[in-house]
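Novice: Test case, fold it:
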Amino acid sequence: MTNYPHLVNIAWGVVEKFLRDWRCEPYRWSREIDIQTEITHRISSVYKIIGSDTVLGNYDNAVVGFERNQRWNRVCCEPKISYTFSDGKRYFCYPDIVVWDEIKNPNSPPNPDVSNWPMLWVCEIKLDGKKERDWDVEKMGYLLSQGDARYGCWLNVFRKRAKTGNGILWDKSAKDGRIWICDVMLPKLGQDGQL
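Specialist: Numbers count the residues shown, from 1 in each chain. Just a heads-up that it's a prediction; the model follows:
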């Protein structure tokens with residue numbers, strides 16, 4: 001059993017709670033971006049309660065008064081991230097959700113033209129088959145294997161009924177437990193048409 005960092009456990013707990021809520025109101029979040037922003041907001045809200053909702057990174061050319069106090073949201077949507085593909089070339093991707101990790105020296109943050117800010121957790125979301133699963137998981141694997149991200153989550157959300165069970169099926173074994181993959185559907189209806 002892998003021991004996950006506290007902030008990663010919170011992110012996964014928030015995702016699991018959201019998926020239970022989604023099954024009760026699947027039309028409340030009508031587009032992928034609605035799911036993305038809802039999960040981002042929920043994670044950020046919990047982090048704020050425990051005082052971990054920002055990271056410090058002091059870049060040059062800051063507005064006067066913020067030279068040594070540049071606080072950035074720990075949780076964000078679709079940041080520009082680079083990875084090196086198997087052909088050795090550098091490419092960019094935009095993960096749906098990223099939880100940033102701390103850096104050793106806030107006064108010397110990573111140069112985004114050269115390297116990524118370290119990521120604790122990245123999440124990709126697919127709603128009703130609108131993204132390529134294998135490619136998203138492969139990109140996430142590059143981020144993990146190249147040391148830019150520590151953990152990942154891939155959500156495959158379908159607005160249809162499961163044939164059996166509660167509709168939430170997790171595979172927590174990818175990359176030695178570092179990527180959790182979830183297929184989520186609405187729960188199977190009972191014999192009488194009830195949940």
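Novice: distance of A174 from C182?
Specialist: Distance, A174 to C182, using CB to CB, to the nearest Å: 11 Å. In this view, the C-beta of every residue, glycine as well, is placed from N, C-alpha and C.
Novice: What residues sit buried inside the biggest strand by length in the chain?
Specialist: Across the chain, the strand with the greatest residue count (assigned by DSSP state E) is strand 149-161. Neighbour counts over strand 149-161 (16 or more other CB atoms under 10 Å) mark 149-158 as buried.
Novice: go on, stretch 51-58?
Specialist: Using 16+ other CB under 10 Å as the test for burial, stretch 51-58 gives 52-55, 57-58.
Novice: I181 touches G141, doesn't it?
Specialist: No: using CB atoms under 8 Å, I181 makes no contact with G141, being 11.4 Å away.
Novice: More neighbours: which of these two?
Specialist: Ranked by neighbour count (other CB atoms under 10 Å), I181 and G141 place I181 first, with 20 against 17.
Novice: what's the spacing between that one and L120?
Specialist: Using CB to CB, I181 is found at 18 Å from L120.
Novice: So what's the residue count around C93?
Specialist: The number of residues packed near C93 is 18, by other CB under 10 Å.
Novice: what's the answer for I97, then?
Specialist: By other CB under 10 Å, the residues close to I97 number 25.
Novice: just checking, it touches V75?
Specialist: Yes: between I97 and V75 a contact is recorded at 6.8 Å, counting by CB under 8 Å.
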